[in-house]
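Asks: need coordinates for the following:
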Amino acid sequence: MKDLLNDAASLNEKHLNDGIPRRDFLKVALGTGFAAAALPVVAQNVVKTDTEGLTAGTVTVTVNGTAVPVYRAQPAGKTGLPVILVISEIFGVHEHIADVARRFAKLGYLALAPDLFVRQGDATKAPSQAELMKNIVGKTPDTEVLADLDAVVAWAKANGGNTDKLGITGFCWGGRQTWLYTAHNPNVKAGVAWYGRVVGDKTPINPAQPIDVADKIKAPVLGLYGAKDTGIPVESLDKLKAALAAAGNTKSTFVVYPNSGHAFHADYRPSYNEADAKDGFARAVAWFKANGVA
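Replies: Residues are numbered from 1 along each chain as shown. Alright, predicted model coming up:
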């Protein structure tokens, strides 16, 4: 805790000129729930969804002997609920992802956000993005992720979820996984991928990119991206769009926000664009409803 206090104080001094009040910064930075590698948190932008009327908290799904924590949020006492898988960014299932799950739960969904990095370590505790990528994210195989998600879907079916109404959404790393899981599981009715990379090198850890499995993506996927995202050129989206169309998937579509860059939905980060984040979430909700996930 002493080291965390020192780090937070240092970051606080560094970011006082960013317009973040000292008290608000320290409250969130020491708070809790946000991933250490994501600090500093922009406290005044953080969206907080309460748990009134919900059953919310962590459940455990065992996959090949590994206990995988899953943040679950749903309307209290309800069954037969449509299911939304919520896939995190590299920072793991921290407060922002849990809040997104609660937002869907408030709309009547069983929302499940699994810790897909659990075998490699606690992504929320990694001290920097570089170490997080090297030691945890970069060692998490796609095959492992897909198997974990299959197990989470099976858990949902056995615990009040209607997996005939299965949707998936994810952010950054989770946006890429949204494309991959939709290709992997033909029971997915619809997906919403937020600024997930769609092209790239093949490696033993990442044996395929979304464009490589475009012919297997049968469900409609809505891609939400920022035109100013330097890591995901619009040209790469055009390539995936063409590959999907060539495979007969004409329902998938992309929205590219001209004034946003990467992570524009992340309300705890400086990259947040409130107008585009709200528009994107409204589009996501409408997309799921229009495509059998409601």
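
Asks: every contact and neighbour count from this point should use C-alpha atoms.
Replies: Fine.

Asks: count of neighbours near Val255?
Replies: Val255 has 14 neighbours, counted by other CA atoms under 10 Å.

Asks: just Tyr181 next, same as before
Replies: Count around Tyr181 with other CA under 10 Å applied: 23.

Asks: quick check: it is in a helix.
Replies: Yes. Assessed by DSSP: H, G, I helix; E, B strand; the rest coil, Tyr181 belongs to a helix.

Asks: I'd say it and Asp148 touch.
Replies: No. Using CA atoms under 8 Å, Tyr181 is not in contact with Asp148; the gap is 10.6 Å.

Asks: and the strands in this protein?
Replies: Taking DSSP state E as the criterion, the chain carries its strands at 54-63, 66-75, 81-87, 110-114, 161-171, 188-194, 221-226, 253-257.

Asks: just checking, what packs against the third one?
Replies: Packed against strand 81-87 by the contact rule (3 or more CA pairs under 8 Å, 6 or more residues apart in numbering; DSSP states H and E) you find helix 95-106, strand 110-114, strand 161-171, helix 173-184.

Asks: do that again at 6 Å, thanks
Replies: strand 110-114, strand 161-171 (3 or more CA pairs under 6 Å, 6 or more residues apart in numbering; DSSP states H and E).

Asks: can you pull out the low-pLDDT segments for the stretch 151-294 of the chain?
Replies: Within the stretch 151-294 of the chain, not a single segment meets pLDDT under 70.

Asks: isn't Asn162 up against Lys78?
Replies: No. Asn162 is beyond contact range of Lys78, at 11.2 Å (criterion: CA atoms under 6 Å).

Asks: out of those two, which sits in the busier spot?
Replies: Taking other CA under 10 Å, Asn162 and Lys78 do not tie; Asn162 has more neighbours (20 against 14).

Asks: in contact with that one, which residues?
Replies: Applying CA atoms under 6 Å, 6 or more residues apart in numbering, we find Asn162 in contact with 80-82.

Asks: what does Ile87 give?
Replies: 113, 170, 174.

Asks: of those, grab the buried ones for ChimeraX.
Replies: Buried subset of the contacts of Ile87, written as a ChimeraX selection, criterion 16 or more other CA atoms under 10 Å:
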select :113,170,174
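
Asks: Throw the contacts of Ile87 into a markdown table and include distance to Phe254, thanks.
Replies: Converted to a markdown table, the contacts of Ile87 look like this (distance: CA to CA, whole Å):
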| residue | distance to Phe254 |
| --- | --- |
| Ala113 | 24 |
| Gly170 | 15 |
| Gly174 | 17 |
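
Asks: and which of the contacts of Ile87 is nearest to Gly248?
Replies: Gly170 (23.5 Å; CA to CA).

Asks: pLDDT score for the closest residue to the closest one other than its chain neighbours?
Replies: In this structure, Gly170 finds its nearest non-sequential neighbour in Ile87, 4.2 Å apart by CA to CA, 6 or more residues apart in numbering. On the pLDDT scale, Ile87 is placed at 98.

Asks: distance of Ile87 from Gly174?
Replies: Going from Ile87 to Gly174 by CA to CA, to the nearest Å gives 5 Å.

Asks: can you check Glu144 too?
Replies: Glu144 sits 14 Å away from Gly174, going by CA to CA.

Asks: what do you get for Thr163?
Replies: Distance from Thr163 to Gly174, by CA to CA: 20 Å.

Asks: ditto for Lys78
Replies: 27 Å.

Asks: likewise Thr51?
Replies: 24 Å.

Asks: quick revisit: mean neighbour count, the strands of the chain: which tops it?
Replies: Highest mean neighbour count among these (mean count of other CA atoms under 10 Å): strand 110-114, with a mean of 30.

Asks: name the nearest residue to Tyr257, ignoring sequence neighbours.
Replies: Gly226 (4.8 Å).

Asks: hmm, Gly261 and the one you found touching each other?
Replies: Yes. Counting by CA under 6 Å, Gly261 is a contact partner of Gly226 at 4.6 Å.

Asks: quick one on the thing from earlier: joint contacts of Asn162 and Lys78?
Replies: Counting by CA under 6 Å, 6+ apart, nothing touches both Asn162 and Lys78.

Asks: so what touches stretch 258-270?
Replies: By CA under 6 Å, 6+ apart, stretch 258-270 touches 41-42, 45-46, 226-229, 271-273, 277.

Asks: confidence score at Lys27?
Replies: pLDDT, Lys27: 35.

Asks: next one: Gly33
Replies: So, for Gly33, pLDDT stands at 87.

Asks: kindly report the same for the one 4 residues further on.
Replies: According to the predicted model, the pLDDT of Ala37 comes to 95.
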